[in-house]
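Student: Below are the sequence and a predicted model for it; my questions follow.
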Amino acid sequence: MGVALPKPVMTKLLERQGNEIFRIGSCCVNGYRESMEDAHIVELRKDWGFFGVFDGHVNDQCSIYLEAAWHKVMAANPVPMTDEKMKEIALKIDKEWLDEGREGGSTGTFFVAMKKGDTVELQVGNVGDSRVLLCKKGACVPMTEDHKPSNPEERQRIIDCGGRVENCRVDGSLAVSRAFGDRDYKQGNGDQLQQKVIALADVTHESITFASGDFAALCCDGVFESNFSNEEVIEFIKAELRNSSDLAIVASKVCEEAIARGSRDNISCVIVQFNDGSDYGALPEHLDVVPGPFNAPKNNSFRKVYASMALKGNTTVDRLLEKRYDQLQKEDRSDPALRDELDIFGEGPPSTATGADRTRWFESLYTDLNGSARGDQSEQMQRLQLLQQQVGVPLPILLSLMNNGNDV
């Protein structure tokens, strides 16, 4: 999982999409991780839609690949498809990734929803431990089951393939027993289904009534790792929907709640309502980037992630900082945390600066912070101190163990 950031990067990437039968809002935040490794997909057609969340590990390359690959296959394959076809597609995408020789892996949970009269039929596929939750007639209906190495059938396959399950992880390392990619766990002599880790999707079905108020939530495992149960997530969304009809904002509240409950992971949440979403479909811009607090500017990793989230939101870190500064001007100055954050910006840009000149002032601020941080302490020492806090080992002992080549 790597070393956690000292404070979470809470920049939100909000998306709103829709057509005559679906209304979709999503949010993803980086949180405490050193990189954002999630991706998601929304593919809309006149009478069906395809939705998915992909939670990468090692890097973001596999999750990004899956987003593009599923776009491609859904455009080429007729809907409805059989369960066997959905499983076949998942295995084919996995093989293509492995054949490219690339590193990294990702879980994936996804579903096809097709409208037939007043009914919407869902076909849900799952590989790994992201989840699809359906709210049907007000009740939580889990559509997926996590693929964990400790599950009896998963454990037996791992052992049969020469692996071991240690600390609920494959070979003591990978926390899921099914995933796309992860070539190190797919080097056995068997076929695709006879490996320590496989990409075989479980498929489930459910049907709901169109425009009945039912909805689905696709969430990465970071939502649930913080003692946020399936039922609590659905009840939380229902409560937020009473306050706001903006699905992207509601999804962002789920992400914030997961972090507040203690999640240290990337967070992604996609909410799909089965009713007319033409208002979202008509939006000139579907992506909205909301800057999070810039409250750990002396930490190299925090600054890098903050800039990376700007790029993922199709903007730049100087524009994101400018937006955050303008946002702070409207906030209550009685909050000590906000006052501390404002101090980072000093007196702010000159009142006479406008347009590109004003934005360049924030670019200079970010550049200056990068330069001054080099004179404070090395990034390696910052990382070591954070790791020391997490594992509880005195820093001198930690340094000694690392110098001796031991894995702490």
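Tutor: Sure thing, it's come through. Numbers count the residues shown, from 1 in each chain.
Student: can we go C-alpha only for contacts and neighbour counts from here?
Tutor: OK.
Student: Would you mind giving the domain segments of this protein?
Tutor: 12-145+196-290, 300-397 (automatic domain parsing).
Student: which of those has the lowest average pLDDT?
Tutor: Comparing mean pLDDT over the domains of the chain, the weakest stretch is domain 300-397, at a mean of 84.
Student: Report how many residues lie close to Val250.
Tutor: 26 (other CA atoms under 10 Å).
Student: What strand or helix carries it?
Tutor: helix 247-260 (DSSP states H and E).
Student: Follow the chain on from that helix and name the next helix or strand.
Tutor: Following helix 247-260 toward the C-terminus (DSSP H and E): strand 267-273.
Student: Give me the contact list for the helix or strand immediately after that next one in the chain.
Tutor: As assigned by DSSP H and E, the chain's next helix or strand after strand 267-273 is helix 278-281. With contact meaning CA atoms under 8 Å, 6 or more residues apart in numbering, helix 278-281 is reached by 16-20, 23-24, 286.
Student: What is the most widely separated pair among these?
Tutor: Glu20 and His286 (16.1 Å; CA to CA).
Student: Which one's more surrounded, those two?
Tutor: For Glu20 versus His286, neighbours defined as other CA under 10 Å are more numerous around Glu20 (17 against 14).
Student: Can you tell me, leaving aside adjacent residues, what's nearest to that one?
Tutor: Spatially, and ignoring its direct neighbours in sequence, Glu20 is nearest to Asp276 (4.4 Å; CA to CA, 6 or more residues apart in numbering).
Student: Can I get the domains of the chain in CSV including distance to Gln156?
Tutor: What follows is these, written out as CSV (distance: least, CA to CA, whole Å):
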stretch, distance to Gln156
domain 12-145+196-290, 9
domain 300-397, 31
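Student: For the stretch 1-150 of the chain, which segments count as strands?
Tutor: 12-18, 23-29, 38-44, 48-57, 105-116, 119-127, 131-136, 139-142 (DSSP state E, counting those that start in this stretch).
Student: just the stretch 251-400 of the chain next, same as before
Tutor: Counting by DSSP E, counting those that start in this stretch, the strands of the stretch 251-400 of the chain are 267-273, 287-290.
Student: nearest to Ile198, of those strands?
Tutor: strand 267-273 (23.2 Å).
Student: Restrict the helix holding Val250 to CA atoms and write it as CSV.
Tutor: Extracted as CSV, the C-alpha positions of helix 247-260 are listed here (Å, rounded to 0.1, in the frame of the first residue of the first chain):
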residue,chain,number,x,y,z
LEU,A,247,-25.8,12.7,-7.7
ALA,A,248,-22.2,13.9,-8.0
ILE,A,249,-22.5,15.8,-4.8
VAL,A,250,-24.1,12.8,-3.1
ALA,A,251,-21.3,10.6,-4.3
SER,A,252,-18.7,13.1,-3.0
LYS,A,253,-20.4,12.9,0.4
VAL,A,254,-19.9,9.1,0.4
CYS,A,255,-16.2,9.7,-0.3
GLU,A,256,-15.9,12.2,2.5
GLU,A,257,-17.6,10.0,4.9
ALA,A,258,-15.3,7.0,4.1
ILE,A,259,-12.3,9.2,4.8
ALA,A,260,-13.8,10.6,8.0
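Student: Next, the angle strand 12-18 makes with that helix.
Tutor: 150 degrees (axes from the mean of the first three to the mean of the last three CA atoms, to 10 degrees).
Student: thinking again about what came up before, of the strands of the stretch 251-400 of the chain, flag the one that's most buried.
Tutor: Of all the strands of the stretch 251-400 of the chain, strand 267-273 carries the top mean neighbour count, a mean of 27, counting by mean count of other CA atoms under 10 Å.
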